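A.B. asks: With the sequence up front, the predicted model follows.
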Amino acid sequence: MSDRARAGEAGFGFDPGEESDATLAFIGHVRSHWRRGDCPKNLREARERGAAARVVLRPGYGAALEGLEVGQAIWLICWMDGAHRDLALQRPRHADGPRGTFSLRSPVRPNPISLQAVRITALDPVAGIIGIDATDAFDGTPVLDIKPWIGRVDVPPELD
């Protein structure tokens, strides 16, 4: 445990930085109905299809769910491990021409990270399982992190 820990904080009992999955520590995996060829293109479409999903954490991470609640919104950060990483410009089906990767939400990017705002539908910290309302991630997609969605922080300022 870090010598910078404050009162009331507790370590995992291991250093996630010592685990090496694409130089990151995957904390778990998404369990969903989605596979290549049968996957919604975004969360809106996933919610319309009505297929809930879950996040299954690796052993040792369940204690980090303390403080989360059913009904709460969270950011789910995933590693889109099947995505290509080599395109600067892409031609999405919905656009009339090519667009830069950084102007798209496509998983094809230098670091194939997915950021999803989802709602907790079930929570089992002992088993390390979080039910979520929807995902557009394939079954087995690695999870990098989970953060609480906080309205007063996560809503961008109004544009004038």
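C.D. replies: That came through fine. Keep in mind it's a predicted model, so treat the numbers as computed, not measured. Numbers count the residues shown, from 1 in each chain.

A.B. asks: When you work out contacts or count neighbours from here on, use the C-alpha atoms and nothing else.
C.D. replies: Fine.

A.B. asks: Verify the stated contact: Ala51 with Ala134.
C.D. replies: Yes - with contacts counted by Cα atoms under 8 Å, Ala51 reaches Ala134, the gap being 6.3 Å.

A.B. asks: Which one of those two is surrounded by more residues?
C.D. replies: Of the pair Ala51 and Ala134, Ala134 is the one with more neighbours under other Cα atoms under 10 Å, namely 26 against 16.

A.B. asks: Please report how far that one lies from Arg49.
C.D. replies: 9 Å (Cα to Cα, to the nearest Å).

A.B. asks: How about Ser106?
C.D. replies: Between Ser106 and Arg49 the distance is 20 Å, computed by Cα to Cα.

A.B. asks: Look at the two and report which has more neighbours.
C.D. replies: When Ser106 and Arg49 are compared on other Cα under 10 Å, the one with more neighbours turns out to be Ser106, at 16 against 11.

A.B. asks: Could you look up the SS state of that one?
C.D. replies: Following DSSP: H, G, I helix; E, B strand; the rest coil, the label given to Ser106 is coil.

A.B. asks: Spit out the contact partners of it.
C.D. replies: By Cα atoms under 8 Å, 6 or more residues apart in numbering, Ser106 lies in contact with nothing.

A.B. asks: any residues touching the longest strand along the chain, and which ones?
C.D. replies: If you go by DSSP state E, the chain has its longest strand at strand 113-124. Here strand 113-124 makes contact (Cα under 8 Å, 6+ apart) with 43, 62, 69-80, 107, 129-135, 149.

A.B. asks: Of these, which qualify as buried by neighbour count?
C.D. replies: Buried subset of those (neighbour count, 16 or more other Cα atoms under 10 Å): 43, 62, 69, 73-80, 107, 129-135, 149.

A.B. asks: What are the buried residues along the lengthiest helix in the chain?
C.D. replies: Determined from DSSP state H, the single longest helix within the chain is helix 43-49. Buried residues in helix 43-49, defined by neighbour count with 16+ other Cα under 10 Å: Leu43, Ala46, Arg47.

A.B. asks: surely the last one meets Asp133?
C.D. replies: In this case it means Arg47. Yes - proximity of Arg47 to Asp133 meets the contact threshold set by Cα under 8 Å, at 7.2 Å.
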